[in-house]
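Participant: sequence first, then the predicted structure, then my questions.
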Amino acid sequence: MNYSFHWRPVFQVMPEMLAGCLVTVEIAALSTVIGVAIGVALALGRTGGNRAAAAFALAWIEFGRNTPGLFQIYLVYFGLGSFGLHLNSYAALTAGIAFNNASYLAETFRGGLRAIPSTQTRAARSLGMSAPLAFRLIMLPQLFRIVYYPMVNQMILSVLMTALGLTVGLDTDLAGVTQHFNVLTYRTFEYFSVAAALYYLIAKAMMLTSRVVAWRLFRY
Amino acid sequence: MFNASVSFHDVLFMLRGAGVTLLLTFWAVVGGTTLGVLFGLLRASAPGWPSFALGAVLDVFRSVPLLIQIILVNAFAPILGFDVSAFTIACIVLAVYGAAYCTEIVRASVLAVPQPTRRAARSLGLTWADDLTAIVFPIALRVGLPGWIGLALGLMKDSALVLWIGVIELLRSSQIVVTRTQQPLLVLGIAGAIYFLISFPIARAGAWFERRWQDQ
């Protein structure tokens, strides 16, 4: 092995890479929030009485779960141009991950909704709450408690998915910043191993935070 | 919008890409399952800290983006002096990535077999190997198969990421066709349909197995 590792250039751009971490977390959080909102709607659509809504939700879920996430990002980035909709790579990546998140979360939420006893809704309704009010005050809080850990899992998967921003030319997130400096020096191994370590730390920090939050939120 | 200058040969080219995707998936699943069963049994039977250490190492592969892993191995192989093709690197990375997930599936399935059942088998005179093949395997299979099918499909979808190191699989081949024909929506639609046709029947079969075995 006659390769000399050069770590100094990597540590010189550490501030930029850490700023990239923030963008990565931002995209992951944004796409999770959007994904959760759409996911709840899809889960309700699938279980509700409206046939058209159920078909639409089923199509979204099956399409989202049976094609690669990278393909979905490509479809948003390259495909939507045919409709005259040109998103930049940040928006395309966020939308692509949110689309993917929504389809997986919808199935999680459907399972969660089934786990809530139907007597809860009936009790709420018989106390005079309207259906939307009962859903918001009685069902939703219980749902989020049940699906909390799968949801956190999906958010961590979203963090890992943001690295796909590379393929649509995003250069502000961690992977993008790393690639930007990589092509200046071609110290590929050095740059990307530091990036890998940072991704690992982000994932672990998120896991730890979620535990603490759960401990604060879910105690009686 | 759909005035198709996408020719039959373009579709054929994409189907050849789909073949590469399937080949990648095959090696990733074979390698990942072999390693995963080995590590999973080790994790289920090894005491305390060796099991924990193995789990922690494998957890790294699940906490770092696959694309970064692919780039890293692709950069590291020449440093070590290996002259391997991008396809081989892709297979290795996907297999190890798959093994990290498969290990947990196998571990959970093996631990789901009740301990008294296994003790009864041993006390009836079955050897350790007999117990593993005749008692643990059939019971653990029912617990683990749905998750394993999900993993195999996940690997199939994740194999798209290897386009970054120059393997021309389904998504990359459709990108090449897009560059030539400038029909992104149509071409990506065909690619999506191919992915869906591979994945959907298997996913449905997995769900069917899961339901059937839960009823019993």
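Facilitator: Thanks, I have the structure now.
Participant: for the host helix or strand of B:W49, buried residues please.
Facilitator: Element membership of B:W49, judged by DSSP states H and E, is helix B:48-63. Using 16 or more other C-beta atoms under 10 Å in any protein chain shown as the test for burial, helix B:48-63 gives B:S51, B:L54, B:G55, B:L58, B:D59, B:F61, B:R62, B:S63. Yep, even glycine has a C-beta here, placed from its N, CA and C like the rest.
Participant: check whether the closest residue to A:A175 other than its chain neighbours sits in a helix, strand or coil.
Facilitator: Closest residue in space to A:A175, ignoring its immediate chain neighbours: A:A163 at 4.2 Å, by C-beta to C-beta, 6 or more residues apart in numbering or on different chains. Three-state assignment for A:A163 (DSSP: H, G, I helix; E, B strand; the rest coil): helix.
Participant: is stretch B:78-87 anywhere near chain A?
Facilitator: Yes: residues of stretch B:78-87 contacting chain A under C-beta under 8 Å from any C-beta of the partner chain: B:I79, B:L80, B:G81.
Participant: residue 98: what's it in contact with?
Facilitator: Picking chain A for this. Neighbouring residues of A:A98 by C-beta atoms under 8 Å, 6 or more residues apart in numbering or on different chains: A:L30, A:S31, A:T32, A:I34, A:G35, A:I38.
Participant: ah, I was thinking of chain B
Facilitator: Counting by C-beta under 8 Å, 6+ apart, B:G98 touches B:A28, B:V29, B:G31, B:G32, B:T33, B:L35, B:G36, B:L151, B:L155.
Participant: so it is in which element?
Facilitator: Element membership for B:G98 (DSSP H and E) is helix B:86-112.
Participant: let me know the next secondary structure element after that helix.
Facilitator: Downstream of helix B:86-112 (by DSSP H and E), the next one is helix B:115-123.
Participant: give the buried residues for that following helix.
Facilitator: Those would be B:R118, B:A121, for helix B:115-123 by 16+ other C-beta under 10 Å.
Participant: downstream neighbour of that helix in the secondary structure list?
Facilitator: Later in the chain than helix B:115-123, the nearest helix or strand by DSSP H and E is helix B:128-130.
Participant: using PDB, list the CA coordinates for the following helix or strand past that next one.
Facilitator: Counting by DSSP H and E, the next helix or strand C-terminal to helix B:128-130 is helix B:137-158. Provided in PDB are the C-alpha atoms of helix B:137-158 (Å, rounded to 0.1, in the frame of the first residue of the first chain):
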ATOM      1  CA  PHE B 137     -35.100 -23.500  11.600                       C
ATOM      2  CA  PRO B 138     -38.700 -24.300  10.800                       C
ATOM      3  CA  ILE B 139     -40.100 -22.200  13.700                       C
ATOM      4  CA  ALA B 140     -37.700 -19.300  13.100                       C
ATOM      5  CA  LEU B 141     -38.400 -19.300   9.400                       C
ATOM      6  CA  ARG B 142     -42.100 -18.400  10.000                       C
ATOM      7  CA  VAL B 143     -41.100 -15.500  12.200                       C
ATOM      8  CA  GLY B 144     -38.300 -14.200   9.900                       C
ATOM      9  CA  LEU B 145     -39.500 -14.800   6.400                       C
ATOM     10  CA  PRO B 146     -41.700 -11.700   6.000                       C
ATOM     11  CA  GLY B 147     -38.900  -9.500   7.200                       C
ATOM     12  CA  TRP B 148     -36.400 -11.300   5.000                       C
ATOM     13  CA  ILE B 149     -38.600 -10.800   1.900                       C
ATOM     14  CA  GLY B 150     -38.800  -7.100   2.800                       C
ATOM     15  CA  LEU B 151     -35.000  -7.000   3.100                       C
ATOM     16  CA  ALA B 152     -34.500  -8.700  -0.300                       C
ATOM     17  CA  LEU B 153     -36.900  -6.100  -1.900                       C
ATOM     18  CA  GLY B 154     -35.100  -3.300   0.000                       C
ATOM     19  CA  LEU B 155     -31.800  -4.500  -1.500                       C
ATOM     20  CA  MET B 156     -33.300  -4.600  -5.000                       C
ATOM     21  CA  LYS B 157     -34.400  -1.000  -4.600                       C
ATOM     22  CA  ASP B 158     -31.200   0.100  -2.900                       C
END
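Participant: what's the helix ranked longest in chain A packed up against?
Facilitator: In chain A, taking DSSP state H as the definition, the longest helix is helix A:14-47. Identification of packing neighbours for helix A:14-47 by 3 or more C-beta pairs under 8 Å, 6 or more residues apart in numbering or on different chains; DSSP states H and E yields helix A:51-66, helix A:89-115, helix A:148-161, helix A:174-185, helix A:188-217.
Participant: counting by contacts, list what the first one packs against.
Facilitator: Using 3+ C-beta pairs under 8 Å, 6+ apart as the contact test, the elements touching helix A:51-66 are helix A:14-47, helix A:89-115, helix B:184-215.
Participant: what stretches of chain B score poorly on pLDDT?
Facilitator: B:1-4, B:215-216 (pLDDT under 70).
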